[in-house]
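S.K.: build me a model:
(one chain, ligands or ions: 2)
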Amino acid sequence: MSEAKTKAGLQDVVAGESSICLVDGKEGRLVYQGFDINDLVGKASFEEVIYLLWYGKLPNASELSALDAELKKNREIPTDVLELVKSLCNSSANPTGMEVLRTVASYLGAVDEDKSMERETHIKQATKLVAMLASVTAAVGRFKQGLDYVAPRNDLGHAANFLYMLNGKEADELSVEAFDVALILHADHEFNASTFTARCTVATMSDMYSGVTSAIGALKGPLHGGANEDVLRMMMEIDSVENAASEVRARLDNGVKVPGFGHRVYRSYDPRGLVLKRYAKQLTEQVGQTKWFAMTEITEGVVLEHFAKKGKDLKYNVDLYSGSLYNAMGIQVELFTPLFVISRVSGWTAHILEQYAHNRIIRPVADYVGPIDQQFVPIAERK
Ligand SMILES: CC(=O)SCCNC(=O)CCNC(=O)[C@H](O)C(C)(C)COP(=O)(O)OP(=O)(O)OC[C@H]1O[C@@H](n2cnc3c(N)ncnc32)[C@H](O)[C@@H]1OP(=O)(O)O
Ligand SMILES: O=C([O-])CC(=O)C(=O)O
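M.R.: Residues are numbered from 1 along each chain as shown. Ligands and ions are numbered 1, 2, ... in the order given. Prediction:
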């Protein structure tokens, strides 16, 4: 039996080194490769941030245009993948967007003939995954509404093209800007559950697709990426600005966790939430759909007051305001967690590259708390 004392959920345990992302929970600061997210938002595009995460530096113009060209080359969904997506969306099991993405990430690995473990191949695979998972998410959104697939446009950036493929028309400027910012803000978050899952998978020297497939499975859960869908579902269930405060209070009094609040690392505030709230306010006002935003703001007030009275430093997280923002872009709730994938796949792949570069298998130990020295009883004598 181990002498070590465990920390439930590995809270505050330093599980490895990384130079990709710093989450400063005390100060409410998020830094990608040395750049504060507030210095990237509104200045860099998501494509520049992808480059930053993979290569550790911002791209110059020709480096960016090379990455952009590769992403565009991988946007069109091949026929076999499109057929797979369509059949899953039409199946009686009605898989969620996350289940479809998880299957597609795995399928892309199975049909990739290049099994090399060189960095150059990994960059190609990462590029394919970033481009393809966005296109597939748009296709899922359309098939689930009984609409036809819309082919990508190579004259549009990553964010604008996704909204075009989903809605079948070009999005307005503010929606594109807000979506690009949301992609940047969700891109990486050091050793969160899905990223750590990806790193554990590839640390066995398994392939990149396996890493991303397992990460999608981890992100899907309601305690992690799934919370962004739950926030808007809760608002839709309450469905009244007037009742929002009392309904949320009732949930808290009954010990129900309110989605969009709490974080393992942030103690002061989640810096991404502030930016998303600003864009959600602006966009919901522009499209004249302020109800979910108003209810979310009321929820924020009630939950923060509830925890302040208990002396707890619980704050809202990245998932609280993304719901009303995405809804104002005309995106259905079921795609919200897949939207997280479209962004976080850039961070997962960056961590996979980093793991391969300094690999050692990840294998901690368990503090055994089960019985010991049991006496074996043959089956015929067991009661
Ligand atoms: C992208 C992301 O993954 S961000 C997180 C998204 N997830 C959510 O929004 C789901 C809701 N939040 C949660 O479940 C948690 O806060 C997590 C999973 C994010 C963090 O979990 P942990 O660090 O293990 O915190 P834990 O769940 O132990 O919470 C600590 C205390 O705060 C309470 N608490 C935490 N989050 C919430 C919440 N959203 N609503 C109400 N109470 C909460 C817990 O009940 C617990 O109370 P207790 O001390 O009286 O038992
Ligand atoms: O860091 C975490 O625990 C959860 C996460 O992925 C995020 O907040 O983006």
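
S.K.: CA atoms for contacts and neighbours, from now on please.
M.R.: Fine.

S.K.: chain center to the biggest helix by length in the chain, what's the gap?
M.R.: In the chain, taking DSSP state H as the definition, the longest helix is helix 119-144. Computed by CA atoms, centre = their mean, to the nearest Å, the chain-centroid distance of helix 119-144 equals 14 Å.

S.K.: same question, stretch 251-262
M.R.: Worked out by CA atoms, centre = their mean, stretch 251-262 lies 21 Å from the chain centre.

S.K.: ranges for the strands of this structure?
M.R.: Per DSSP state E, the chain carries strands over the ranges 21-24, 29-32, 35-36.

S.K.: briefly note if the second one comes near ligand 1.
M.R.: Meaning strand 29-32. No. Judged by CA under 6 Å from any ligand atom, strand 29-32 stays clear of ligand 1, getting no closer than 13.4 Å.

S.K.: for P364, the count of nearby residues, please.
M.R.: 7 (other CA atoms under 10 Å).

S.K.: one more: V111?
M.R.: 10.

S.K.: for ligand 1, what are the nearby residues on this structure?
M.R.: Checking the chain against ligand 1 by CA under 6 Å from any ligand atom, the hits are 223-225, 227, 257-264, 317.

S.K.: what about this structure, any weak spots by pLDDT?
M.R.: 1-4 (pLDDT under 70).

S.K.: okay, now the closest residue to ligand 2 within the chain: neighbour count?
M.R.: Here the chain gets closest to ligand 2 at one residue, N192, 4.1 Å apart by CA to the nearest ligand atom. Residues near N192, counting by other CA under 10 Å, number 14.

S.K.: just N243 next, same as before
M.R.: 12.

S.K.: if we can go back for a sec, in TSV, list the strands of the chain along with distance to ligand 2.
M.R.: Putting the strands of the chain into TSV (distance: least, CA to the nearest ligand atom, whole Å) gives the following:
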stretch	distance to ligand 2
strand 21-24	8
strand 29-32	10
strand 35-36	15
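
S.K.: return the most buried member of these.
M.R.: strand 29-32 (a mean of 21; mean count of other CA atoms under 10 Å).

S.K.: how far does it sit from its chain's centre?
M.R.: 16 Å.

S.K.: point to the residue nearest the middle of this protein.
M.R.: F340 (3.0 Å; CA atoms, centre = their mean).

S.K.: so L30 sits against D39, correct?
M.R.: No. Judged on CA atoms under 8 Å, L30 makes no contact with D39 at a distance of 10.5 Å.
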